[in-house]
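Chemist: here's my sequence, what's the structure:
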Amino acid sequence: VAQYTTVSTTTTTSQTTTTTKTSLLLLDGFWKIARHFHYTPEITASFFWSAPALATSLVGPYFYVIYLTILLTDRAFRDDDRCRKKYGPYWEQYCQQVPYMIVPGVI
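Modeler: As a prediction, the model looks like this:
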C-alpha cells in the first residue's frame, strides 16, 4: 500500500465559480527519496548516450547532457514554486518529509 498525503485545494475560475479538488502527494517509492527523482535516470541515460565520445575534446557530444541537466533542474525549481503556491502549508509539510528535490543529499 502506497503512502500519500491527501490535499484539498480550492481554485476560483470566475467571480461565481469555485472548484475544490482533492490531490495526492506521494510519499512512497521514488517519491520518498526525492520530489523529482525520476529526473536522475533521465540525466544519467543522456550521459551514457554521450559517454563514447569522452575521449574527444569536442563539447558537442556533451551538449545534450548539459542542456538536459539545466532544463530539468530549472523545471524542478519552477514546479516546486508552483506547488508551493497551489498546496500552501501542505507543500511545506511534504517538503519536510521529502527534503530533496532531485538528487538525495545534493539538491
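
Chemist: quick check: the gap between the residue sitting furthest away from the middle of the chain and K86.
Modeler: Distance from the C-alpha centroid of the chain, by C-alpha atoms, centre = their mean, peaks at T16 (33.4 Å). Remark: distance between T16 and K86 (C-beta to C-beta, to the nearest Å) = 22 Å. Where you see a C-beta, it was placed from the backbone N, CA and C, and this is true even at glycine.

Chemist: contacts only, for G60.
Modeler: Neighbouring residues of G60 by C-beta atoms under 8 Å, 6 or more residues apart in numbering: A53.

Chemist: at 10 Å what do you get?
Modeler: The neighbourhood of G60, defined by C-beta atoms under 10 Å, 6 or more residues apart in numbering, consists of S50, A53.

Chemist: same question for A2.
Modeler: Residues in contact with A2 (C-beta under 10 Å, 6+ apart) are L24, L26, L27, D28, G29, W31, K32.

Chemist: who wins for most neighbours among the residues you listed?
Modeler: Using other C-beta atoms under 10 Å as the neighbour test, those are led by W31, with 19 neighbours.

Chemist: quick one: pLDDT of it?
Modeler: W31 is assigned 90 on the pLDDT scale.

Chemist: so which residue is dead centre in the protein?
Modeler: In the chain, the residue lying closest to the centroid (C-alpha atoms, centre = their mean) is H36, at 3.0 Å.

Chemist: what about it, distance to R84?
Modeler: Counting by C-beta to C-beta, the gap from H36 to R84 is 14 Å.

Chemist: please apply the same query to S50.
Modeler: Shown here: S50 relative to R84, a distance of 34 Å by C-beta to C-beta.

Chemist: between the contacts of A2, which is closest to V1?
Modeler: Nearest to V1 among the contacts of A2: D28, at 8.4 Å, using C-beta to C-beta.

Chemist: quick check, that closest one in a helix?
Modeler: No. Counting by DSSP: H, G, I helix; E, B strand; the rest coil, D28 is not part of a helix but coil.
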